[in-house]
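Visitor: Sequence plus the predicted model coming up.
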Amino acid sequence: MTPLEEEQAYVERCREGLRRMLDGARHNVVIGETVAGDRYSAERLGRHLKSLAKELGEDDGGPPFFGRLDFGPDVSEHAGQRYHIGRRHVSAGSGGRPLVIDWRAPVSRTFYQASARDPRGVTVRRRFGWAGGELTGFEDEHLDRGLDRRVDRGVDPGVGRGGAGRILTAEIERPRVGPMRDIVATIQPEQDDLVRADLEESLCVQGGPGTGKTAVGLHRAAYLLYAHRKRLSRGGVLVLGPNRAFLGYISAVLPALGEVDVEQTTLDALLARVPVKGIDGTDAAVVKHDVRMAEVLRRALHRRVREPAEPLAVADGSSRWRVSQDELRHVVEETRCEAMPYGVGRERVIARVASLARSRAEARGRTIDTAWTRRTTRAVTAAVDAFWPAVRPEEVLFEVLSDCSEAAEGVLTTAERAAITWARPPRTYRSASWTTADLILLDELAGLVERPRGYGHVIVDEAQDLSPMQCRAVARRSEHGSLTVLGDLAQGTTPWAARGWGEQMAHLGKPEAAVMALTTGFRTPAAVVELANRLLAELAVDVPPSRSFRRDGRLRVLRGDDPAVVTAVVEALGHEGSIGVIAADASAGRLRAALTDAGLAVADGPTPDPSVRISVVPATLCKGLEYDHVVLAEPAEIVAAEERGLGRLYVALTRAVSRLDVVHRRPLPSALT
């Protein structure tokens with residue numbers, strides 16, 4: 001057998017191993033339902049077994065491995081060993097050595113980090129080429145030969161020698177059809193360092209377009225769950241994306257890596273405690289997202305706590321157990337000094353006052369039982385309501401937006417207070433038309449009342465667009481965990497977008513986090529990166545220009561309007577891959593109609609769809625998405641549509657993976673000419 005035939009035979013062994021693992025997992029689910037032990041342990045075991053069976057059952061039949069490591073005879077731990085590296089572990093059964101090593105395992109790190117300068121004991125690193133789920137070739141790097149290493153190729157004769165090409169480059173440049181895919185076969189050393197950083201370490205990854213920052217974040221989630229599963233089992237891992245389209249685009253990555261229990265959502269969805277029925281004007285939204293609102297809300301909440309106006313007497317038959325006004329004042333003051341959440345403080349006051357009443361009763365020989373404790377607690381709670389009342393966040397925010405003059409005194413200007421005050425307040429908080437920005441304020445208040453659920457690790461993408469108040473919402477959920485913050489200051493598009501990472505990380509509660517930069521783009525061709533880099537000088541942010549790993553791709557600038565866009569899309573259909581037509585929001589509907597009138601099938605949403613290649617994407621929804629071919633319509637209109645329009649154009653320009661057509665009738669922004 002040739003080396004390629006031997007590897008193809010190994011593929012079949014691996015697939016048989018996966019089938020055996022799936023059968024075993026399903027069998028264990030059945031057995032686990034009757035396992036002896038306490039109810040809690042049985043329930044946890046059942047969840048674990050079902051999760052494992054689900055994970056294996058969602059295998060898409062893709063390549064079982066993408067690489068191989070051959071170690072030399074002089075490596076103490078792995079001398080003479082050969083390991084195939086894949087997306088998930090594949091067992092050989094009967095206690096034998098695994099057929100495939102999980103890419104997250106310690107030995108797999110050598111696959112990403114070994115080089116001719118530092119081979120780490122590796123003699124040969126093999127990368128495999130695949131087509132349609134079939135192994136078609138491989139490339140061997142002989143790292144033990146130093147800088148003079150030779151790359152040998154093994155190719156299926158039916159494919160032809162050019163079919164394998166340079167496997168690493170071909171994998172990076174492969175057309176983007178459908179949702180985002182994992183990058184385990186192409187992770188670069190600097191990306192691997194970030195993926196495998198310690199769980200306790202919070203990171204900020206500044207990455208230009210196509211540098212793989214989103215992929216790094218998702219792979220970091222998968223790695224942390226592999227390396228610290230027990231520690232993360234309680235809090236879990238949360239992935240926050242900028243919008244639903246983005247979440248749909250990345251949704252397949254973690255399952256492909258063997259992780260199906262990661263919570264993925266948007267910040268608005270995470271905070272949605274009330275329906276959103278209203279819309280803020282720009283001035284009101286800017287004030288509500290300002291960090292000073294935290295102080296306004298704190299004042300509005302805590303001014304509800306007052307000094308007790310009278311002593312407390314708890315009726316107990318013919319007896320009265322009294323707590324003096326001074327004692328009540330002392331309890332309130334002591335509790336306030338402990339700076340605990342409002343609701344926790346209220347419960348602490350109730351417990352302490354009830355304890356004082358209990359001590360009076362016990363001193364008189366009263367027998368304390370459950371019924372007595374329940375009656376006394378009810379009486380004390382009713383009394384405490386007068387000076388430390390129970391409260392809902394909606395009630396407090398209703399008062400602030402109806403009239404914030406007292407709570408905002410010395411914090412907000414007169415114009416800012418007017419911007420957020422309702423012109424016609426609703427009758428009660430239940431009839432209020434809450435806005436998206438109000439969700440942030442309600443969450444701030446909820447965090448002041450009770451401690452929110454915390455996560456072991458939170459990954460935040462497009463973090464440059466978070467406002468200070470949004471950052472505080474994230475910080476509350478990662479107070480006792482760690483963060484991976486992903487973003488690009490040059491792609492800031494909101495009115496409150498960050499200009500620097502230091503202040504943003506402070507708002508996120510991790511001021512000590514290291515800021516790491518990824519500057520090599522693997523998604524975007526060089527011509528497109530060079531065009532987008534022209535905008536950096538006008539964006540007023542301190543980020544290094546990106547450079548592209550790729551020398552393929554095409555950039556065209558075309559004169560014309562809607563018919564020219566249709567013509568460019570028709571031409572793009574002659575190439576493989578997805579097609580995104582990006583335009584100002586106001587023009588997206590018109591262009592969609594022009595394409596359908598031309599007889600072209602257009603997807604329902606912006607997320608790339610393998611069955612419908614063309615998507616029309618409003619510029620405000622294109623962030624985080626990528627298309628093999630982008631037709632960008634009227635850049636000047638995108639710039640003029642919003643305050644941070646140049647940032648939006650920078651984002652739109654860098655969505656192309658292979659080809660970019662810029663179609664315009666109006667003059668291009670000066671930076672592009």
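Guide: Okay, I see it.

Visitor: Regarding the chain, what is its longest helix?
Guide: The residue-count maximum for a helix in the chain (DSSP state H) belongs to helix 3-32.

Visitor: What helices and strands are in contact with that helix?
Guide: Here helix 3-32 touches helix 39-57, strand 82-86, strand 134-142, strand 151-155, going by 3 or more CB pairs under 8 Å, 6 or more residues apart in numbering; DSSP states H and E. In short, each C-beta sits where N, CA and C put it, glycine included.

Visitor: Could you list every helix and strand in contact with the next helix or strand after the first one?
Guide: Going down the chain from helix 39-57, the next helix or strand is strand 67-71, by DSSP states H and E. When contacts are defined as 3+ CB pairs under 8 Å, 6+ apart, strand 67-71 sits against strand 82-86, helix 109-113, strand 122-131.

Visitor: Give me the distance from strand 67-71 to the chain's centre.
Guide: Averaging C-alpha positions (CA atoms, centre = their mean, to the nearest Å) puts strand 67-71 32 Å from its chain's average.

Visitor: and the angle from it to strand 134-142?
Guide: 30 degrees (axes from the mean of the first three to the mean of the last three CA atoms, to 10 degrees).

Visitor: returning to that earlier point: could the helices and strands packed on strand 67-71 go into JSON lines alongside distance to Arg477, mean neighbour count and mean pLDDT?
Guide: As requested, these are exported to JSON lines (distance: least, CB to CB, whole Å; neighbours: other CB atoms under 10 Å; pLDDT from 0 to 100):
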{"stretch": "strand 82-86", "distance to Arg477": "33", "mean neighbour count": "22", "mean pLDDT": "96"}
{"stretch": "helix 109-113", "distance to Arg477": "30", "mean neighbour count": "20", "mean pLDDT": "95"}
{"stretch": "strand 122-131", "distance to Arg477": "39", "mean neighbour count": "21", "mean pLDDT": "92"}
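
Visitor: who wins for proximity to Arg472 among these?
Guide: helix 109-113 (35.7 Å; CB to CB).

Visitor: Can you show me the helices along the stretch 301-450 of the chain?
Guide: Ranges of helices in the stretch 301-450 of the chain, per DSSP state H, counting those that start in this stretch, are 325-337, 342-363, 370-384, 393-402, 414-420, 436-449.

Visitor: okay, those in CSV with distance to Gly248 and mean pLDDT next?
Guide: Formatted as CSV, these follow (distance: least, CB to CB, whole Å; pLDDT from 0 to 100):
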stretch, distance to Gly248, mean pLDDT
helix 325-337, 47, 95
helix 342-363, 37, 95
helix 370-384, 47, 94
helix 393-402, 30, 97
helix 414-420, 33, 97
helix 436-449, 20, 97
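
Visitor: out of those, nearest to Arg126?
Guide: Across these (criterion: CB to CB), the nearest stretch is helix 436-449, sitting at 50.3 Å.

Visitor: which stretch among the helices of the stretch 301-450 of the chain comes nearest Pro73?
Guide: Per CB to CB, nearest to Pro73 of the helices of the stretch 301-450 of the chain: helix 436-449, 58.9 Å.

Visitor: Just want the angle from that closest one to helix 393-402.
Guide: Going by the same axes, to 10 degrees, helix 436-449 makes 120 degrees with helix 393-402.

Visitor: Just the angle for helix 436-449 relative to helix 342-363, thanks.
Guide: Relative orientation of helix 436-449 versus helix 342-363 (the same axes, to 10 degrees): 30 degrees.

Visitor: Pull the residues that contact helix 436-449.
Guide: 268, 271-274, 276, 278, 280, 284-285, 288-289, 293-294, 297-298, 301, 341-343, 391, 393-394, 396-397, 400-401, 434, 452, 467, 469-470, 472-473, 476 (CB atoms under 8 Å, 6 or more residues apart in numbering).

Visitor: Please repeat the previous calculation with a cut-off of 6 Å.
Guide: Applying CB atoms under 6 Å, 6 or more residues apart in numbering, the set of residues contacting helix 436-449 from outside is 268, 271, 273, 276, 280, 285, 288, 294, 297, 301, 341-343, 393, 396-397, 469-470, 473, 476.

Visitor: Going along the chain, name the strands of the stretch 401-550 of the chain.
Guide: Ranges of strands within the stretch 401-550 of the chain are 457-460, 482-487, 514-518, 520-521, 547-548, based on DSSP state E, counting those that start in this stretch.
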